[in-house]
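Colleague: Return atomic coordinates for the entry below.
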Amino acid sequence: MAQAREAHLPLVLGWFDNRLALKSSEGNETPVAVDFSGGKQGYRLAADRVRHERLVKALGGMPTKALNVVDGTGGLGRDALVIAQAGFHVDVIERSPIIHALLADGIERLRREDSALAARLRLHLGDSYQWLVQKDVNPQEYFAIYLDPMFPQRQKSAAIKKDLLWLQQLERAPEEGEAELLLSAARARAQKRVVVKRPLRAPALGDQAPGYSLDGKAIRFDVYLTV
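Modeller: Residues are numbered from 1 along each chain as shown. Here you go, the predicted structure:
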């Protein structure tokens, strides 16, 4: 930590409380790690709660058979876990090696607690757009594709959460039109639907109007039906 401060590096990746985490080199903030069972995340994963999640409803509800979903913007994996707990099998794609490492550690710890749930998560390091357009490489049929492009928008609100702010420092800046291209690729690849997470008052991604939306207090889920 002292070396990071001397080098003016704001974040340190290391082992804190027996988990891989990011920690500020100067402040006393709690390290950010992928935690799939504690706190609010654990509450969201409760069996009697997950069916009521707007994200699960946007995906069509709890599946009655094994269905594959792509989470094209992995982040800290919180939404991917909700999708997996609902019964879907989820390919989680993350392009940042550091965030990918945090996810891998979180999934491994989850595996020791709930191996069946962890088995429904398949983690990949790579670019989501390339993943979706390379059909010969990835022949899997996907019932739905989930995107959360709020993260690359570089929100600068004073109320932004610490973990999101830190992760923004690790992600490369999105190229112009990148999110729109990703949405188009997702709509071409998904069997049934694409779900996009948006700030409640934000315009539709790429001005592509969804079939319908499910609104919450601060965010909404735009649903694009592909059949």
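Colleague: C-alpha only now, for contacts and for neighbours.
Modeller: Will do.
Colleague: Quick check, central residue of this structure?
Modeller: Closest residue to the average C-alpha location of the chain: residue 74 at 3.1 Å, with C-alpha atoms, centre = their mean.
Colleague: Regarding that residue, what is its secondary structure?
Modeller: Using DSSP: H, G, I helix; E, B strand; the rest coil, the structure places residue 74 in coil.
Colleague: Would you map out the domains in this protein?
Modeller: 1-33, 34-225 (automatic domain parsing).
Colleague: Just name the most buried of the ones you listed.
Modeller: Among those, the stretch with the highest mean neighbour count (mean count of other C-alpha atoms under 10 Å) is domain 34-225, at a mean of 17.
Colleague: Would you mind measuring the gap between the ends of that one?
Modeller: Counting by C-alpha to C-alpha, to the nearest Å, you get 31 Å between the two ends of domain 34-225.
Colleague: any idea of the mean pLDDT for that domain?
Modeller: For domain 34-225, the mean pLDDT works out to 86.
Colleague: where's it relative to the chain centroid, distance-wise?
Modeller: Centroid separation between domain 34-225 and its chain, computed with C-alpha atoms, centre = their mean, to the nearest Å, is 4 Å.
Colleague: what ranges do the strands span in this structure?
Modeller: For the chain, the strands defined by DSSP state E cover 11-16, 19-24, 68-71, 89-94, 121-125, 144-147, 193-199, 212-215, 219-225.
Colleague: which residues of this protein fall in helices?
Modeller: Using DSSP state H, the helices assigned to the chain run over residues 2-6, 39-44, 47-50, 54-58, 78-85, 97-113, 115-119, 128-133, 162-170, 178-189.
Colleague: do you know which of the ones you listed lies nearest residue 216?
Modeller: Closest approach to residue 216 among the helices of the chain is made by helix 54-58 (7.9 Å; C-alpha to C-alpha).
Colleague: What is that closest one packed up against?
Modeller: helix 78-85, strand 219-225 (3 or more C-alpha pairs under 8 Å, 6 or more residues apart in numbering; DSSP states H and E).
Colleague: Which of those sits closest to residue 177?
Modeller: Once those are compared by C-alpha to C-alpha, strand 219-225 is nearest, at 18.3 Å.
Colleague: before we move on, the earlier item: is the nearest residue to the residue nearest to the centre of the chain once chain neighbours are set aside in a bridge, and if so with what?
Modeller: Computed as C-alpha to C-alpha, 6 or more residues apart in numbering, the closest residue to residue 74 that is not its neighbour in sequence is residue 94, at 5.1 Å. On the basis of DSSP bridges, residue 94 is bridged to residue 125.
Colleague: If anything else comes up later, I'll come back, but that's it for now.
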